[in-house]
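Visitor: pasted the sequence and its predicted model underneath.
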2 protein chains.
Amino acid sequence: MTKAERTRKAILDQAFELIYQNGYQATSIDKIIDTTAVTKGAFYYHFKNKEEMGIAMIKEMIAPRIAQTLLHPLQKWENPIEAIYESIAQKLHKDLDVNVEFGCPTNNLVQEMGPLNLRFHQTLRGVLDHWIKTIETKIELGKAAGFIRAEVNAHDVAAYVVLSYEGLKSTGKIYGRSLYESYLKQLRSYLESLS
Amino acid sequence: MTKAERTRKAILDQAFELIYQNGYQATSIDKIIDTTAVTKGAFYYHFKNKEEMGIAMIKEMIAPRIAQTLLHPLQKWENPIEAIYESIAQKLHKDLDVNVEFGCPTNNLVQEMGPLNLRFHQTLRGVLDHWIKTIETKIELGKAAGFIRAEVNAHDVAAYVVLSYEGLKSTGKIYGRSLYESYLKQLRSYLESLS
DNA sequence: CCCTAAAAATACTATATAGTATGTTTTGAT
DNA sequence: ATCAAAACATACTATATAGTATTTTTAGGG
């Protein structure tokens, strides 16, 4: 990795953290560069403007994190009920104490920027589409293998799983880890009703 | 209502709309007063600062709206499964086309301000506590009346209902009304698994 | 080594923002 | 009607912000 590439990555790393904790609009470019060894000239050399940086941050930081922590683990179990439950349970377990109060980076941006900026809207939709589609495929395979009842609508269930996860992350900002535990119990009971 | 009371209400009305659509931090006091027949002097006569106005807006605008559109309707059905499903379904039906892209006012603020400001955190927690408690009580009554299995944990279910509703409102900013429909199907199936 | 383009640094502008200072008008009790 | 307090209006300050203009440094192929 060249020095320029490292500069670019340093900006995106810092932007990810600050935006995750404070929101996109509340994160100023000055704050990003002040807390990094990067100047304004370097910032605007690598990114046309704040919006381009934000979109790059979603594509290069957020999307890969989702793939690694929520999508890849799905393939460790054949039964979709186990796969969905365990992938989420393990992710939430890792997040405990560290990330609870700041929620989910994707959902934070969906909430804040979805209605305000078309490019954010579209880019974030791509991230969610991919996640939902991956779960949906897992469920279809599970139906073929007899783990899930045939009349279950895979897309509806996948969307509902994602939506309730995001609801947990959002409401969890207020209620913390106790909500995580009660969520997991209800998620399991919901998923088992599909078999 | 006196003229001063009407001025105060005009500020809160406008603040509610702008904050709902753009977020709290992105809503400037200048924008609020420019789009109302109110000056800065009037604003700061009625509210010590922006934070006090925001807290007042939650207590006087958001909390009553939740009570009227989601809590009171719960009492129209004796069976908690019907009550929860119908109260939410009717609320969502009313929101269609109008409020979908901007989500839920409460959840928007929980997301944005929960981690950043203790007073917002506490005030919003009060709003959610009240909603969850109301559903919880409804479920307990339903258990006594034989509508719900005795071993169901009323609090966990109530929290899960609220959390998934907020997840819908949040993710719904991206997916719109189609998500509302698939959510309602899954909500019904989940609730029926409690009987 | 040298020289050009990439990469980065510095200084600046224009605008937006929360809040204040100070003044004027309106209201309602006497 | 009077007058004090409530209610509102106007002008201002200090700071933060996205972005630009301009200059300087650094990297790497010849």
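Guide: Looks like it came in fine.
Visitor: show me chain A divided up by domain.
Guide: Under the assignment automatic domain parsing, the domains of chain A span A:1-47, A:54-192.
Visitor: burial check on the residue nearest to residue A:132 when sequence neighbours are not counted, number of neighbours?
Guide: Once flanking residues are discounted, residue A:132 sits nearest to residue A:158: 4.8 Å by CB to CB, 6 or more residues apart in numbering or on different chains. Glycine gets a C-beta too; all of them are placed from N, C-alpha and C. Using other CB atoms under 10 Å in any protein chain shown, residue A:158 has 23 other residues around it.
Visitor: surely residue A:158 meets residue A:142?
Guide: No: look at residue A:158 against residue A:142 with CB atoms under 8 Å: they stay out of range, at 11.3 Å.
Visitor: about what we covered before: OK, contacts around the residue nearest to residue A:132?
Guide: Residue A:158 makes contacts with A:132, A:133, A:135, A:136, A:139, as judged by CB atoms under 8 Å, 6 or more residues apart in numbering or on different chains.
Visitor: any of those residues buried? List them.
Guide: By neighbour count, with 16 or more other CB atoms under 10 Å in any protein chain shown, those hold A:132, A:135, A:136, A:139 as buried.
Visitor: just those residues: which are in strands?
Guide: Counting by DSSP state E, the buried ones among the contacts of residue A:158 place none of their members in strands.
Visitor: how about a markdown table for the residues you listed, with distance to DNA strand D and pLDDT added?
Guide: Shown next, in a markdown table, are the buried ones among the contacts of residue A:158 (distance: CB to the nearest atom of the strand, whole Å; pLDDT from 0 to 100):
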| residue | distance to DNA strand D | pLDDT |
| --- | --- | --- |
| A:132 | 31 | 98 |
| A:135 | 35 | 98 |
| A:136 | 37 | 97 |
| A:139 | 41 | 97 |
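Visitor: measure residue A:190 to residue A:180 for me?
Guide: 16 Å (CB to CB, to the nearest Å).
Visitor: check residue A:10 too.
Guide: As judged by CB to CB, residue A:10 and residue A:180 stand 32 Å apart.
Visitor: I'd like to know how far residue A:157 sits from residue A:180.
Guide: From residue A:157 over to residue A:180 the distance is 21 Å, taken as CB to CB.
Visitor: kindly report the same for residue A:106.
Guide: Distance of residue A:106 to residue A:180, given as CB to CB: 17 Å.
Visitor: more neighbours: which of these two?
Guide: Using other CB under 10 Å, the more surrounded residue of residue A:106 and residue A:180 is residue A:106, with 22 against 18.
Visitor: that one and residue A:126 touch, don't they?
Guide: No: assessed by CB under 8 Å, residue A:106 is found out of contact with residue A:126, at 10.8 Å.
Visitor: which non-adjacent residue is nearest residue A:16?
Guide: Residue A:16's closest residue in space is residue A:61 (CB to CB, 6+ apart), at 4.5 Å.
Visitor: just residue A:134 next, same as before
Guide: Using CB to CB, 6+ apart and skipping the chain neighbours, the partner closest in space to residue A:134 is residue A:71 (5.0 Å).
Visitor: residues contacting the one you found?
Guide: Neighbours of residue A:71 in contact, by CB under 8 Å, 6+ apart: A:130, A:131, A:134.
Visitor: how close does the first one get to residue A:63?
Guide: Distance, residue A:130 to residue A:63, by CB to CB: 8 Å.
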